[in-house]
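K.L.:
build me a model:
(chains A and B)
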2 protein chains.
Amino acid sequence: MKHLEENTLSVSTIYNGKIIDVEVQDVSLPNGSTSKREIVKHPGAVAIIAVTKENKLLLVRQYRKALEKVIVEIPAGKLEKGEDPKESAVRELQEETGYESGSLRSIGSFYTSPGFADELIHLYVAEDLTFSKQQLDEDEFLDVLEVSLEEAEQMVLNEEIHDAKTVYAVQYLQLQQLLTK
Amino acid sequence: MKHLEENTLSVSTIYNGKIIDVEVQDVSLPNGSTSKREIVKHPGAVAIIAVTKENKLLLVRQYRKALEKVIVEIPAGKLEKGEDPKESAVRELQEETGYESGSLRSIGSFYTSPGFADELIHLYVAEDLTFSKQQLDEDEFLDVLEVSLEEAEQMVLNEEIHDAKTVYAVQYLQLQQLLTK
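P.N.:
Model (predicted):
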């Protein structure tokens, strides 16, 4: 893929933060000319499609400062340094919703914004859920919702569900329902 | 939703770039304590699920500097300042693939990374395609692929397709195929 590759000429670190780092790279393009790339480094994340024994999808409603509004998402969180994604999924599901899963399986991963960020989300399906105890981070405030697939589809239509991983999750469940009919 | 809301106490601008701006906000949390939020501002983007008359999905293969690798995505691009998303979709599809669409319809939008960024992707389905002429930006290098839905599903499995909007697009087409059977 040499005809597509960009090579790093220099890197300027703009910011080293608590969650993200930001850098600007001078790059050489395949035709020999140069350009700049603005890049956000992120530790990666996990997200969990958790379905209760009553066939309800677990969602969390929280305020997103980047959007200046409340949206509804599947349970998710950043990877801690060196943390295995599956362990992170177990931890985040329990911290945010209070549920533990007897059956947690990976269904793949995706980059959220490859044009400017390296964030990779690892996706899991959690079933065989039992409730133990919610343990939120000290700067985390959220409501847990349990909704049917039909309610979740409606929340996508009215944009209460409005983020990539959650819209994907609802579509994933719709597809599974049709495939197992 | 007052019990979830975070209020801005102060904003520090870290970076004003060509594509992204970065700021750190001091915020007050619902319980009265304070925290910091690192936020990336992005102009938003469009992405197009374009299906040819031969029932092939149009994909573009390109190098993503943030990932340091080549991945395959549906045609997409940033919104220009003040640009209508639908006009942007027409423009990006033509620039990247050379195709014009006789039928372009919105199928919604989603935030890609609400935890740290405000990027919103507007999604379109483009059909009734006719080829005119590819016109890439001067710093843009990509290959156009035309693949069957089965090939696209395989590319998701082997992670050649590995980003949120494109994984969503493949799943969208799978779902539509089942719903219209």
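K.L.:
what separation do you get for residue A:20 and residue B:96?
P.N.:
Shown here: residue A:20 relative to residue B:96, a distance of 28 Å by CB to CB, to the nearest Å. Glycine gets a C-beta too; all of them are placed from N, C-alpha and C.
K.L.:
give the contact list for the residue nearest to residue A:119 when sequence neighbours are not counted.
P.N.:
In this structure, residue A:119 finds its nearest non-sequential neighbour in residue A:42, 3.8 Å apart by CB to CB, 6 or more residues apart in numbering or on different chains. If you count contacts by CB atoms under 8 Å, 6 or more residues apart in numbering or on different chains, residue A:42 has them with A:19-20, A:78, A:117-119, B:113, B:116.
K.L.:
quick one: secondary structure of the residue in chain A sticking out farthest from the centre?
P.N.:
Among the C-alpha atoms of chain A, the one most distant from their mean position (CA atoms, centre = their mean) is that of residue A:32, at 36.2 Å. Assigned by DSSP: H, G, I helix; E, B strand; the rest coil, the conformation of residue A:32 is coil.
K.L.:
tell me the confidence at the residue nearest to residue A:119?
P.N.:
Residue A:42 is assigned a pLDDT of 98 by the prediction.
K.L.:
do the one 10 residues further on as well
P.N.:
Each residue has a pLDDT score; the one for residue A:52 is 97.
K.L.:
okay, buried residues for stretch A:104-115 please.
P.N.:
Within stretch A:104-115, the residues scored as buried using 16 or more other CB atoms under 10 Å in any protein chain shown are A:104, A:109-115.
K.L.:
no wait, stretch A:161-180
P.N.:
Across stretch A:161-180, burial judged by 16+ other CB under 10 Å covers A:161-175.
K.L.:
just give me the closest of the residues you listed to residue B:24.
P.N.:
Distances from residue B:24 to these, taken as CB to CB, are shortest for residue A:163 (21.9 Å).
K.L.:
identify the bridge partners of that closest one.
P.N.:
residue B:111 (DSSP bridges).
K.L.:
got the contact list for it?
P.N.:
A:71, A:73, B:110-112, B:114.
K.L.:
quick check: the farthest pair among the buried residues of stretch A:161-180?
P.N.:
A:162 and A:175, at 19.8 Å, using CB to CB across the buried residues of stretch A:161-180.
K.L.:
got the domain boundaries for chain A?
P.N.:
A:2-41, A:45-148 (automatic domain parsing).
K.L.:
so of those, which one's packed in deepest?
P.N.:
A comparison of the domains of chain A by mean neighbour count, using mean count of other CB atoms under 10 Å in any protein chain shown, puts domain A:45-148 on top with a mean of 18.
K.L.:
now do it: distance to the chain's middle.
P.N.:
Per CA atoms, centre = their mean, to the nearest Å, the displacement of domain A:45-148 from the mean C-alpha position of its chain is 7 Å.
K.L.:
any idea how far apart the tips of it sit?
P.N.:
25 Å (CA to CA, to the nearest Å).
K.L.:
same check, this time on stretch A:147-163
P.N.:
Terminal residues of stretch A:147-163 are spaced 17 Å apart (CA to CA).
K.L.:
just the strands in chain A please.
P.N.:
For chain A, the strands defined by DSSP state E cover A:7-16, A:21-28, A:34-41, A:45-50, A:57-64, A:69-73, A:76-78, A:99-111, A:120-131, A:142-147.
K.L.:
the longest one packs against which elements?
P.N.:
Same thing as strand A:99-111. strand A:45-50, helix A:85-97, strand A:120-131, helix B:164-179 (3 or more CB pairs under 8 Å, 6 or more residues apart in numbering or on different chains; DSSP states H and E).
K.L.:
go with 6 Å
P.N.:
Applying 3 or more CB pairs under 6 Å, 6 or more residues apart in numbering or on different chains; DSSP states H and E, one finds that strand A:99-111 makes contact with strand A:120-131.
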